[in-house]
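Undergrad: Provide a 3D model corresponding to the input given below.
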Amino acid sequence: MLLKNLKLVVKGAGEMASGVAWRLFNSGFRRICMTDVAQPQAVRREVSFCEAIYDGQKTVHGVTAKLITSMKAISEIWEIGQVPVIVDPEAGVIDFLKPDVIIDAILAKKNLGTKITNAPLVIGLGPGFCAGRDVHLVVETNRGHDLGRLIHQGEAEKNTGVPGVIAGYGAERVFRAPKDGRFIALSGIGDLVEEGDLVADVDGLPVKAQIKGVIRGILRNGTHVWKGMKAGDVDPRGKKDFCYSVSEKTLAIAGGVLEGILSYYNK
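TA: From the prediction side, this is the model:
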């Protein structure tokens, strides 16, 4: 089989899943289908194909994903050179498509049901998967020396719960919901903020930027949040272009997925 004819299912359509799909699409894999929940909660919305679930379609760096409501529409979207996204939390599309590759990119930090028997090649991103048991391959998602590396046996590093450091800032980059409630965004992606600026509100409680920079991601206005939930992040480098481009971390992880597929099917 020609590699370009492989059928791929990407579980999840948030930032990392979208970066994977974007890189695979640009590498010639054009039969990709993505699944997600009915109300995705992506922060880096400008680079997340799950936004198509709200808006009908979403373009990231020239690649367009389109919402479909029927699995029968998948081939039609492939024919026009786009990536179908379907609300399918249980990934029933796997039984429908019988894909050659499945990439679990939900990043739930645990396995939500992916099995090594689901496809000839099953790849899991990050902690929660064991290569050789749940999936064939795991891709390391933790920043550091092994970021993007393929794991053929065993698991990725445990989730640290600590945001990666960018320009000397880690946890300070992220702003979180102060309580359970409804998130009201008072700033948008690409806005420049100063330390202490009000960026959002949750039922009367303010959410403030902890550092100076540009808002790289923020939840959709009206999102229901829980206390401590990540609601957005500030990039201290202050470059607005970074808000609309796939990150270096995502590219590394996507590169690991690409290596895994090529190494398997080029045996």
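
Undergrad: hey, let's count contacts and neighbours off CA atoms from now on
TA: Fine.

Undergrad: any idea of the mean pLDDT in the top helix by length along the chain?
TA: Longest helix in the chain, counting residues (DSSP state H): helix 248-265. Regarding helix 248-265, the rounded mean pLDDT is 97.

Undergrad: restricting to C-alpha, output it in CSV.
TA: Taking Å, rounded to 0.1, in the frame of the first residue of the first chain, the C-alpha atoms of helix 248-265 are listed here in CSV:
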residue,chain,number,x,y,z
GLU,A,248,8.4,23.8,18.9
LYS,A,249,7.2,21.2,21.5
THR,A,250,4.3,20.2,19.3
LEU,A,251,6.6,19.9,16.2
ALA,A,252,8.9,17.6,18.1
ILE,A,253,6.1,15.4,19.2
ALA,A,254,4.6,15.3,15.7
GLY,A,255,8.0,14.4,14.4
GLY,A,256,8.1,11.4,16.7
VAL,A,257,4.7,10.3,15.4
LEU,A,258,5.8,10.7,11.8
GLU,A,259,9.0,8.6,12.5
GLY,A,260,6.9,5.9,14.1
ILE,A,261,4.6,5.6,11.1
LEU,A,262,7.4,5.7,8.5
SER,A,263,9.6,3.2,10.4
TYR,A,264,6.6,0.8,10.7
TYR,A,265,5.4,0.9,7.2
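
Undergrad: hang on, Lys66 in a strand?
TA: Yes: the assignment for Lys66 is a strand, going by DSSP: H, G, I helix; E, B strand; the rest coil.

Undergrad: excluding chain neighbours, what is closest to it?
TA: Gln57 (4.3 Å; CA to CA, 6 or more residues apart in numbering).

Undergrad: returning to that earlier point: give me the buried positions along the longest helix of the chain.
TA: Lys249, Thr250, Leu251, Ala252, Ile253, Ala254, Gly255, Gly256, Val257, Leu258, Gly260, Ile261 (16 or more other CA atoms under 10 Å).

Undergrad: my guess is the first one contacts Asp146, does it?
TA: No: with contacts counted by CA atoms under 8 Å, Lys249 stays clear of Asp146, the gap being 11.2 Å.

Undergrad: shaky segments in this structure?
TA: Scanning the chain for pLDDT under 70 picks out 1, 162.

Undergrad: can you do 80?
TA: 1, 159-165, 167, 169 (pLDDT under 80).

Undergrad: quick one, helices of it?
TA: So, for the chain - with DSSP H - the helices run 15-26, 52-55, 74-79, 93-97, 248-265.

Undergrad: how about TSV for these, with distance to Gly124 added?
TA: TSV is the format used below for those (distance: least, CA to CA, whole Å):
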stretch	distance to Gly124
helix 15-26	11
helix 52-55	23
helix 74-79	23
helix 93-97	15
helix 248-265	9
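
Undergrad: of those, which is nearest Lys109?
TA: Lys109 lies closest to helix 15-26 among these, at 13.2 Å (CA to CA).

Undergrad: count the residues that sit near Lys227.
TA: By the criterion of other CA atoms under 10 Å, Lys227 has 12 neighbours.

Undergrad: my read: it touches Phe183, true?
TA: No: Lys227 lies out of contact with Phe183 (CA under 8 Å); the separation is 10.9 Å.

Undergrad: where do the contact lists of the two overlap?
TA: Counting by CA atoms under 8 Å, 6 or more residues apart in numbering, the shared contacts of Lys227 and Phe183 are Ala177.
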